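Asker: Build me a structure from this.
(one chain, ligands or ions: 2)
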Amino acid sequence: MRCKNKNILVINAMTTQTPLVLDIKGNSLDDGPGIRSVIFFKGCPLSCVWCHNPESKKAGAEVAFDAGRCIDCGTCREVCPEQALSKSNPFYIDRDKCTLCFECVTTCPSGALEQVGKTMSINEILEKVMPDKPFFDASGGGVTLSGGEPTLFMDFSAGLLTALKGENIHTLIETCGLFEMERFSALLYPLLDTIYFDIKIIDPSAHKTFCGVPNDRVLANFATLFAQAQKDGKALLPRTPLIPGITDTEKNITDIAAFLKKLGVTQSALLAYNPLWHDKTDKIGASDPYKSDKAMTAFADNSVLEKSRKIFAAAGIAT
Ligand code: SF4
Ligand code: SF4
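Answerer: Ligands and ions are numbered 1, 2, ... in the order given. Okay, the predicted model is just below:
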């Protein structure tokens, strides 16, 4: 079986599952128009090496350890039934032994151990976001579904969007673009006011290397969705994160601009690089091959953004 079909089998297997919620962030000004609440789901079909939320990659729950908050009281080591915690472990937790009982999380007095990913019902999510409705209304904001990847949990996302629209709340999704288009069109598209769609890398082999999967379906989905959104007058914004030496190369930016221009796109977004994700990888015991990489550990130089903007502008695309 070819790899791309395998990816779709994985996506289809998850689409009816209930996601874990990583976080609900209120008062966001960065995830769509106005003041927004952002719901972060856990789980993504891509595995981008620079992921801003590395704790959102796996769909299952995890334990995070924040060494900066640990007071070394030893309580967690005493209560762990699996002897999975040790100061000699570079990440403190031996994740092969850990059975995710969360005893250590409940007993840690300093909040150094945290359960990452919790089940929440649609009603519980609504209860969290509804107090901010006056701010949404006053600012032209609303609720953003993010992740991870919200389309991975198509049925739950549809239920949540239905509930939000029932409250007359503006809805926006941030997607990596790897989903089954038929189900997206039937379940989510009608309930979304705005779609933010990531176009990261055009070269198929580089996309596979840095995002873990081929990009043919992502690009095809964008083309289909853009044509539909144009007809319906729905807002669809392609976004490209500028990752040093990976997505921000002149060739990749030129290729993305050409891809978008061919479809008739005139507005896009370029996202400046933010290296804060490195801090999160240690907490969940994830490998970080870029931890000592000079470019990947520094904030973006504005010249990179300006150079990319010029390339897009030359293609007639505002950013
Ligand atoms: S979650 Fe349970 S098994 Fe895992 S480290 Fe904590 S106490 Fe041990
Ligand atoms: S219980 Fe919390 S503060 Fe105490 S050693 Fe464990 S992680 Fe550190």
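
Asker: which parts of stretch 192-205 are buried?
Answerer: For stretch 192-205, burial by neighbour count (16 or more other Cβ atoms under 10 Å) applies to 192-202. Yep, even glycine has a C-beta here, placed from its N, CA and C like the rest.

Asker: out of the residues you listed, which are inside helices?
Answerer: The members of these all map outside helices under DSSP state H.

Asker: Please convert these to a markdown table, extending it with distance to residue 122.
Answerer: Compiled in a markdown table, the buried residues of stretch 192-205 are given as follows (distance: Cβ to Cβ, whole Å):
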| residue | distance to residue 122 |
| --- | --- |
| 192 | 16 |
| 193 | 18 |
| 194 | 20 |
| 195 | 21 |
| 196 | 22 |
| 197 | 24 |
| 198 | 25 |
| 199 | 30 |
| 200 | 30 |
| 201 | 34 |
| 202 | 37 |
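
Asker: which residues touch residue 98?
Answerer: Counting by Cβ atoms under 8 Å, 6 or more residues apart in numbering, residue 98 makes contact with 63, 82, 84.

Asker: would you list these in CSV and tack on pLDDT, secondary structure and neighbour count?
Answerer: Listed next are the contacts of residue 98 as CSV, based on pLDDT from 0 to 100; DSSP: H, G, I helix; E, B strand; the rest coil; neighbours: other Cβ atoms under 10 Å:
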residue, pLDDT, secondary structure, neighbour count
63, 97, strand, 24
82, 97, coil, 14
84, 97, coil, 21
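
Asker: ok, residue 244 - contacts?
Answerer: Applying Cβ under 8 Å, 6+ apart, the residues near residue 244 are 273, 293, 295-296, 300, 304.

Asker: and it, helix, strand or coil?
Answerer: Following DSSP: H, G, I helix; E, B strand; the rest coil, residue 244 is assigned to coil.

Asker: Can you read off the pLDDT for it?
Answerer: Note on residue 244: pLDDT of 95.

Asker: Need the phi and psi values for residue 293.
Answerer: Main-chain torsions, residue 293, degrees, to the nearest 10: phi -80, psi 120.

Asker: go on, residue 99?
Answerer: According to degrees, to the nearest 10, residue 99 has phi -110, psi 10.

Asker: Which residues are in contact with it?
Answerer: 81-82, 84.

Asker: In strands only, show me the buried residues of stretch 192-205.
Answerer: Counting by DSSP state E, the part of the buried residues of stretch 192-205 found in strands is 194-198.

Asker: Residue 257 is in contact with residue 240, correct?
Answerer: No: counting by Cβ atoms under 8 Å, residue 240 stays clear of residue 257, with 9.3 Å between them.
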